[in-house]
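Q: the sequence isn't on hand, but the structure is:
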């Protein structure tokens, strides 16, 4: 019997030693393959667990009661020392990692700040020379224009007063007549309405609408209509743009007449109107094709943009709504109130911080989530790739507002998610995923980030899939021969190629997330609302706050100021980031 017990004890020892050896091998090879500090700590943890298991096996060997108690005490001490050792390792490596990241981020931040400071310094250093160069060009143009008037013949001098006379005198009758009709039409427009619209741009109206001063024959108050500052600002902007366009055409007509007479003085014959028309569809086809797009950009982009910017310099708010009342120019007062007013500044800066944080987290999560998803789907041995791609592309095919409204109902406090969690006994009370204000409303913010991840990942997945198919396979094979592991392959080959191609797309995604109106407004409505915020909630972005200020509160001047700040931040970041991407530096500078 004793021999059997000894044999069993020896067998247990051999089994535990065998498992310990296997565990050590697994830890060693895991460390060699992945080289991660987390895996290294996991290996240490496994080694500790295996050692404790060996001690437990020894505890059940043959011995007296007193020896068993001693071994139990030793086992407890080993357990305590083991966990203390693991905790010490975790603290040491966490400190090393964080210390390294902090130093790296601080160095990168200092380098970027120094680079920005140097760029700003160079800009202001070269600014006087640029202004002087621009002044010289303007003066040269004015001088050339004046000399052309002095040295030209009668027809050229008349062309400075009557557009097209220089072309008519040189034999270009149709072209000259078109220039003259343009000038005549402009004069008629300025006399009939353009002049008053130009003056109204500066005054923004002088007559206020009045009600009740007079009554009609039935005793009802008669409304006396006054000026509409809103329309006067719009008509003034359009008139100024027409004046600028007319001046450009005027200079072109003078130069055209001068060129026609230069040809005649050289003994030639100026080009006829039919030839000019033919060139517009042949040699100068690009001008013809660009004419309609330029007009559309001016009408639907430039004019609204200038109109919105000018609103920021007026008193157009809920207390000055046309046509019942007039608003006036106030200069930069609203720009200063964003920083000086406690109510507005107390809302602007927290929303600005959340907007930038949201844009960063939403962009990074969708970008790297899409890359990892593309890598998984395109991995060799994956069965049913088209099915997986189709499932994720469905999120693109389904209209975004339908997805967001569905998720709003799904995450509602009385929605199906809370009901299911209650029925399964996972939670004891309903969770307000979209309206919880605890811990600085972290739960609603995490909810919108997760929903955005579901919506945005498929776009990056599709783009990355095309890039992955074009990466040369020889690079991976050569790297594997040199001993590169999967992490090194991704960091040294895959990621640089993807970033090189998708760098501009990444910048566009960041700017798009800054102005991502749909996901915030349709999912949370900007809520939850908290005291101290001026017409805003904890998940509001600058774009949704702008919408509330204008559409719901009618503070259009403040909304315009917020829009200008948002546009300036987006434009500066876009230019700064794109100038530093590898895609902007050229394919020849790209190295793996």
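A: Right, received. Where do you want to start? Quick caveat: nothing in here was measured; it's all calculated off a predicted structure. Numbers count the residues shown, from 1 in each chain.

Q: contacts, neighbours, all on C-alpha from now
A: Will do.

Q: burial count for residue 309?
A: Per other CA atoms under 10 Å, the neighbour tally for residue 309 reads 17.

Q: can you check the one 3 residues further on too?
A: Using other CA under 10 Å as the criterion, residue 312 is surrounded by 25 other residues.

Q: please renumber so the chain begins at 13
A: All set: I'll call the first residue 13, so the last point we hit is now residue 324.

Q: tell me where this structure has strands.
A: 222-227, 233-236 (DSSP state E).

Q: model confidence over the last one, on average?
A: Predicted confidence along strand 233-236 averages 71 (mean pLDDT).

Q: could you list every helix and strand in contact with that strand?
A: Contacts defined by 3 or more CA pairs under 8 Å, 6 or more residues apart in numbering; DSSP states H and E place strand 233-236 against strand 222-227.

Q: now stretch 495-506: how far from the chain's centre is it?
A: 29 Å (CA atoms, centre = their mean, to the nearest Å).

Q: any buried residues in it, and which?
A: 496, 501, 504-506 (16 or more other CA atoms under 10 Å).

Q: kindly reformat those as a markdown table containing distance to residue 338 and pLDDT.
A: Compiled in a markdown table, those are given as follows (distance: CA to CA, whole Å; pLDDT from 0 to 100):
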| residue | distance to residue 338 | pLDDT |
| --- | --- | --- |
| 496 | 71 | 84 |
| 501 | 66 | 86 |
| 504 | 63 | 85 |
| 505 | 63 | 87 |
| 506 | 60 | 87 |
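
Q: quick one: low-confidence ranges for this structure?
A: 13-114, 116-121, 123-124, 127-128, 223-229, 231, 234, 592-604 (pLDDT under 70).

Q: mind giving me the domain ranges of it?
A: Using automatic domain parsing, the domain ranges for the chain come out as 14-119, 166-323, 345-595.

Q: neighbours around residue 249, how many?
A: Neighbours of residue 249 (other CA under 10 Å): 20.

Q: how close does residue 216 sit to residue 311?
A: Counting by CA to CA, to the nearest Å, the separation of residue 216 from residue 311 is 22 Å.

Q: in terms of neighbours, single out the busier of the two.
A: residue 216 (23 against 13).

Q: residue 342 is in contact with that one, correct?
A: No - judged on CA atoms under 8 Å, residue 216 makes no contact with residue 342 at a distance of 11.7 Å.

Q: and stretch 530-543, which residues are buried?
A: Buried, per 16+ other CA under 10 Å, within stretch 530-543: 531-541.

Q: test my guess that residue 568 contacts residue 323.
A: Yes - using CA under 8 Å, residue 568 is in contact with residue 323, at 7.0 Å.

Q: before we move on, back to that, closest one of the buried residues of stretch 495-506 to residue 356?
A: If you rank the buried residues of stretch 495-506 by distance to residue 356 using CA to CA, residue 506 comes first, at 45.7 Å.

Q: what about the closest one, distance to residue 217?
A: From residue 506 to residue 217 the distance is 62 Å (CA to CA).

Q: need the domains of the chain in CSV (columns: distance to residue 126).
A: Formatted as CSV, those follow (distance: least, CA to CA, whole Å):
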stretch, distance to residue 126
domain 14-119, 10
domain 166-323, 32
domain 345-595, 14
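
Q: so what's residue 541 up against?
A: For residue 541, the contact set (CA atoms under 8 Å, 6 or more residues apart in numbering) comprises 548-550.

Q: now, which of the residues you listed sits nearest residue 464?
A: Distances from residue 464 to the contacts of residue 541, taken by CA to CA, are shortest for residue 550, at 16.8 Å.

Q: surely the closest one is in contact with residue 542?
A: Yes - if you go by CA under 8 Å, residue 550 and residue 542 touch, sitting 7.1 Å apart.

Q: if we can go back for a sec, residue 138 is nearest to which of the domains of the chain?
A: Nearest to residue 138, of those and by CA to CA, is domain 345-595 at 18.7 Å.

Q: tell me the gap between the closest one and the middle of its chain.
A: 10 Å.

Q: enumerate every residue touching the closest residue to residue 477 other than its chain neighbours.
A: Ranked by CA to CA, 6 or more residues apart in numbering and with sequence neighbours excluded, the top spatial neighbour of residue 477 is residue 386, at 5.6 Å. Residues in contact with residue 386 (CA under 8 Å, 6+ apart) are 473-474, 476-477.

Q: for the contacts of residue 541, which one is nearest residue 276?
A: residue 548 (69.5 Å).

Q: relative to residue 148, how far out is residue 368?
A: 42 Å.

Q: same question, residue 575
A: On the measure of CA to CA, residue 575 and residue 148 end up 35 Å apart.

Q: more crowded one of the two?
A: Per other CA under 10 Å, whichever of residue 575 and residue 148 has more neighbours is residue 575, with 20 against 12.

Q: could you pull out the helices in the stretch 263-412 of the chain for me?
A: Assigned by DSSP state H, counting those that start in this stretch, the helices in the stretch 263-412 of the chain fall at 285-292, 297-309, 315-323, 345-352, 354-389, 397-409, 412-422.

Q: most tightly surrounded among the ones you listed?
A: helix 354-389 (a mean of 19; mean count of other CA atoms under 10 Å).

Q: also compute the angle for it relative to helix 345-352, please.
A: 80 degrees (axes from the mean of the first three to the mean of the last three CA atoms, to 10 degrees).

Q: what angle sits between helix 354-389 and helix 397-409?
A: 160 degrees.

Q: and the residue nearest to residue 394 when sequence neighbours are not counted, how far from residue 523?
A: Leaving out its chain neighbours, the residue that sits closest to residue 394 by CA to CA, 6+ apart is residue 388, at 8.0 Å. Separation of residue 388 from residue 523 (CA to CA) stands at 28 Å.

Q: again, but for residue 381
A: Noted for residue 381: a distance of 18 Å to residue 523, by CA to CA.

Q: and for residue 480?
A: On the measure of CA to CA, residue 480 and residue 523 end up 25 Å apart.

Q: okay, the two: which has more neighbours?
A: In this view residue 480 and residue 523 are compared by other CA under 10 Å, and residue 523 has more residues nearby, 22 against 18.

Q: relative to residue 462, how far out is the more buried one?
A: Residue 523 is 19 Å from residue 462, by CA to CA.

Q: residue 525 too?
A: Where residue 462 is concerned, residue 525 sits at a distance of 14 Å (CA to CA).

Q: neighbour count: these two, which is higher?
A: Higher neighbour count among residue 525 and residue 462: residue 525, with 21 against 15, using other CA under 10 Å.

Q: surely that one and residue 371 touch.
A: Yes - using CA under 8 Å, residue 525 makes contact with residue 371 at a distance of 5.0 Å.

Q: what's the separation between the most centrally placed residue in the chain and residue 508?
A: In the chain, the C-alpha nearest the mean C-alpha coordinate belongs to residue 523, at 1.0 Å (CA atoms, centre = their mean). Going from residue 523 to residue 508 by CA to CA gives 22 Å.

Q: now residue 475: closest residue in space that isn't a chain neighbour?
A: residue 514 (7.9 Å).
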